[in-house]
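Trainee: no sequence for this one, just the structure:
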């Protein structure tokens, strides 16, 4: 009896061990949330992936908040390289359905699609530029990125997030800098009219001329806004230096030395006084000076004739794009030349 | 003397077999429990490039901490749930208020066959409808919306389409203005034209438009397969 029982036990062991293992495996799979059908009916080794032809698209957020689709992607763009150039995106179907091109997909089946979709989220709020300090916002433009959700084949299959640099050829706002420059309308500097001109009818030989501009042009200025591919862009122009081109032509009747040269006035970073009439403010000048350049903003006519004076303001240019900034090359803006007659003061009717 | 031993041995093997089964169940169960619940099509930080097929969903990696978007499921009626970083998208998309002008060959209607997402509906001809989305609907794939700056382009396109289609064609036009080659005076329109009768079919169509004399006009048009790729 015992022998029979033992044989029965052995046969039970042989019979139950594989069954127990199978049950354990099924139970584990059920606990793991994987449907049995996935294992039994849609084993990927047996069911080939669904291949979907197509191309990549980029959905950029406009400056007006809407989305615009781009089908042309530059070759150097991350949108073209992401996941591998020419590679398909892939996902495993969690439900039965169809691909974007209408192919049937069973649950658990792998889909490999050439249709990568990059959809930009909402831009972060950045407000208006600060005219007083355009740099005091989000930091260097070189560090700016824009975020995209990566979808595979359709909007139903998000497969990643990707940050795209502002330098990406698909997005680079620097491509619009030339347009901004051409649209930059700075106030033309006007040469300050020395009081002697109104009093005596012109500048005076050997009397120092104060070279300055009227205050209207000496201020930070901003271009019109340009919107492009989600960027709101401005150029900021901040005056940093001032000099004058002076061209003196002696009167033929009273020959003196001609002068053609640049007179420095405000150096970059220099401090200076200004008032409501001129930049820089006119100081008290000596009654007589030697001809030529007598220091910053000072030039003295050598004799009678005429002088043509043109102001040149150097602006520091800041490129502003969605509150990120980048310094550009300086920009020199000249005013319309002013011409003054130069004469001599003569003592008349001094004998009484 | 052997009988008790044999009985004992048999009993031990039965117990061992049960123990092994239990260990397998428990270990696999624990492995299953150790798996974090994964949302369908959850987000890795970068797209994958056709790895070997695997029935196991990709592990959810950490999302870049600088953005830390909220991951939440959103779904559309009749569609499987998808997961996207909703904080990247409007929680309640503001509907565009743009409409087509009243002097075109279109008539405002309430709906168009087969269109379930919100938007503007027009009858271009009898049985020729036009659908223009006015609010984003990500799960339904609706991203482009009609805006004031695209209204004149769409109108120029529809004027040309009114001469191409015949009344009673039973089609729905879904034009959108692309960003490609867009300038102040030129634009491209992609249109996924779907049949509203019989077996559903979709045909991609495209047109190039230019601004001439203050009005957008189609200068060339033709089949455009990719117009329906993502429609």
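Mentor: Structure received. This is a predicted model, so every value here is computed, not measured.

Trainee: and the stretch 101-250 of chain A, which residues reach chain B?
Mentor: A:101, A:108, A:110, A:112, A:115-117, A:119-122, A:147, A:149-150, A:152, A:154-163, A:229 (CB under 8 Å from any CB of the partner chain). Using the backbone N, CA and C atoms, a C-beta is placed for each residue, glycine as well.

Trainee: please redo it, this time with the cut-off set to 6 Å
Mentor: With CB under 6 Å from any CB of the partner chain as the criterion, the stretch 101-250 of chain A comes near chain B at residues A:108, A:110, A:112, A:121, A:147, A:149-150, A:155-161.

Trainee: In chain A, where is pLDDT below threshold?
Mentor: Counting by pLDDT under 70, the ranges of chain A that qualify are A:1-46, A:123-136, A:347-352.

Trainee: Can you name every helix or strand that the strand or helix carrying residue B:154 contacts?
Mentor: Using DSSP states H and E, residue B:154 maps to helix B:151-164. Helices and strands touching helix B:151-164, by 3 or more CB pairs under 6 Å, 6 or more residues apart in numbering or on different chains; DSSP states H and E, are strand B:175-177, strand B:202-212, strand B:215-223.

Trainee: Comparing those, which comes out most buried?
Mentor: Most buried of the helices and strands packed on helix B:151-164, by mean neighbour count (mean count of other CB atoms under 10 Å in any protein chain shown): strand B:175-177, with a mean of 25.

Trainee: Strand partners (parallel or antiparallel) of that strand?
Mentor: Sheet pairing here is set by DSSP bridges, and for strand B:175-177 it gives strand B:186-195 (antiparallel).

Trainee: Quick one: residues in contact with the partner strand.
Mentor: B:153, B:157, B:171-178, B:180-181, B:201-210, B:224, B:227-228, B:231 (CB atoms under 6 Å, 6 or more residues apart in numbering or on different chains).

Trainee: mind redoing it with 7 Å?
Mentor: Under the contact criterion CB atoms under 7 Å, 6 or more residues apart in numbering or on different chains, strand B:186-195 has outside partners B:114, B:153, B:157, B:170-178, B:180-181, B:200-210, B:216, B:224, B:227-228, B:231.

Trainee: repeat for stretch B:158-169
Mentor: Contacts of stretch B:158-169 with the rest of the structure, by CB under 7 Å, 6+ apart, involve B:104-106, B:124-128, B:130, B:171, B:173, B:207, B:218, B:221.

Trainee: Pull out the buried members of these.
Mentor: Among those, the ones that count as buried by 16 or more other CB atoms under 10 Å in any protein chain shown are B:106, B:124, B:125, B:127, B:128, B:130, B:171, B:173, B:207, B:218, B:221.

Trainee: now, which of these lie within strands?
Mentor: The strands, defined by DSSP state E, take in B:124, B:125, B:128, B:130, B:171, B:173, B:207, B:218, B:221 from the buried ones among the contacts of stretch B:158-169.

Trainee: ok, so of the contacts of stretch B:158-169, who is nearest chain A?
Mentor: residue B:207 (14.2 Å; CB to the nearest CB).

Trainee: per-residue confidence for the closest one?
Mentor: The model reports residue B:207 with a pLDDT of 98.

Trainee: The chain: helices as residue ranges?
Mentor: Went with chain A since none was named. With helices called from DSSP state H, chain A shows them at A:2-31, A:36-40, A:78-81, A:177-182, A:195-200.

Trainee: ah, I was thinking of chain B
Mentor: According to DSSP H, chain B carries its helices in the segments B:2-34, B:151-164.

Trainee: Lowest average confidence across these, which one?
Mentor: Note on those: helix B:2-34 shows the lowest mean pLDDT, a mean of 38.

Trainee: got a list of what the residue nearest to residue A:256 when sequence neighbours are not counted touches?
Mentor: Excluding the flanking residues, the one nearest residue A:256 by CB to CB, 6 or more residues apart in numbering or on different chains is residue A:303, at 2.7 Å. Applying CB under 7 Å, 6+ apart, we find residue A:303 in contact with A:205, A:250, A:254, A:256.

Trainee: With distance to residue A:64 as added columns, please give the residues you listed in CSV.
Mentor: As requested, those are exported to CSV (distance: CB to CB, whole Å):
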residue, distance to residue A:64
A:205, 62
A:250, 61
A:254, 66
A:256, 63
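
Trainee: Go through the residues you listed and name the one nearest chain B.
Mentor: Of these, the one sitting nearest to chain B (CB to the nearest CB) turns out to be residue A:250, at 53.1 Å.

Trainee: where's residue A:297 relative to chain B, distance?
Mentor: Using CB to the nearest CB, to the nearest Å, residue A:297 is found at 45 Å from chain B.

Trainee: now do residue A:202
Mentor: In this view, residue A:202 and chain B are 50 Å apart by CB to the nearest CB.

Trainee: Now that residue. Nearest residue, chain neighbours left out?
Mentor: Using CB to CB, 6+ apart, the nearest residue to residue A:202 is residue A:341, at 3.6 Å.

Trainee: So what sits opposite that neighbour in the bridge?
Mentor: residue A:306.

Trainee: For residue A:165, which residues are in contact?
Mentor: Listed by CB under 7 Å, 6+ apart, the contact set of residue A:165 reads residue A:145.

Trainee: returning to what we had before: mind giving me TSV with the ones in strands among the buried ones among the contacts of stretch B:158-169 and columns for distance to residue A:272?
Mentor: Below are those laid out as TSV (distance: CB to CB, whole Å):
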residue	distance to residue A:272
B:124	67
B:125	72
B:128	71
B:130	64
B:171	72
B:173	65
B:207	60
B:218	60
B:221	63
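
Trainee: could you dump these to TSV with distance to chain A?
Mentor: Formatted as TSV, these follow (distance: CB to the nearest CB, whole Å):
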residue	distance to chain A
B:124	22
B:125	27
B:128	23
B:130	18
B:171	18
B:173	16
B:207	14
B:218	19
B:221	16
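
Trainee: Please work out how many residues are found near residue B:147.
Mentor: When counting by other CB atoms under 10 Å in any protein chain shown, one arrives at 19 neighbours for residue B:147.

Trainee: Since that was my last question, I'll sign off now.
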